[in-house]
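Enquirer: would you be able to build a 3D model of this:
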Amino acid sequence: MDRRPVILIEDDIDDKMFLEDAFSALEVKHPLLWFSECEAARDYLFSTKEIPFLILCDINLPKQTGIELKREIQGDESLRKKSIPFVFYTTSDQSELVNEAYLNLNVQGYVQKSNDFGIMKKNIRTILDYWSLCKHSNNTHN
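Expert: Got it, this is the predicted structure:
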């Protein structure tokens, strides 16, 4: 069973706790590693030899936005080669941000947050199930 961590980059403590509750209710086996700002997440990604299962990232974050972090990851060959699925999980549904995410940053998902716990659990389950099934370069062995 895959127990690589899910990286959560979220500055809102209520949203973090809501997501933790959803992971618990769904009995997700992946550990959830929380970072309240992009810099700490980036430092972790650069320093760990482990390849996280998934990155769930808000867009509107202090100091550096999720868009800027994804741009850094994409611009760094060592992080890009880790091929970590990157999904924006954010309240924003601005078409400019959605287009930027997909057209310029090659994100693997853009999901709008829900305040409804049932919907949020369904969305998280769908994201995790998809990436559990999907074959990509960080979960296949040659």
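
Enquirer: drop to CA atoms for contacts and neighbour counts, all remaining ones
Expert: Will do.

Enquirer: helices of this structure, residue ranges please.
Expert: Using DSSP state H, the helices of the chain run over residues 13-25, 38-47, 66-75, 77-82, 95-99, 117-133.

Enquirer: name the residues that touch stretch 104-113?
Expert: 67, 70-71, 74, 85-93, 98, 101-102, 120, 123 (CA atoms under 8 Å, 6 or more residues apart in numbering).

Enquirer: pLDDT weak spots in this structure?
Expert: 1, 136-142 (pLDDT under 70).

Enquirer: how many residues are close by Glu10?
Expert: Neighbourhood size, Glu10 [other CA atoms under 10 Å]: 25.

Enquirer: on that earlier part again, just the helices of the chain: most buried one?
Expert: For the helices of the chain, the largest average neighbour count (mean count of other CA atoms under 10 Å) is found in helix 66-75, namely a mean of 18.
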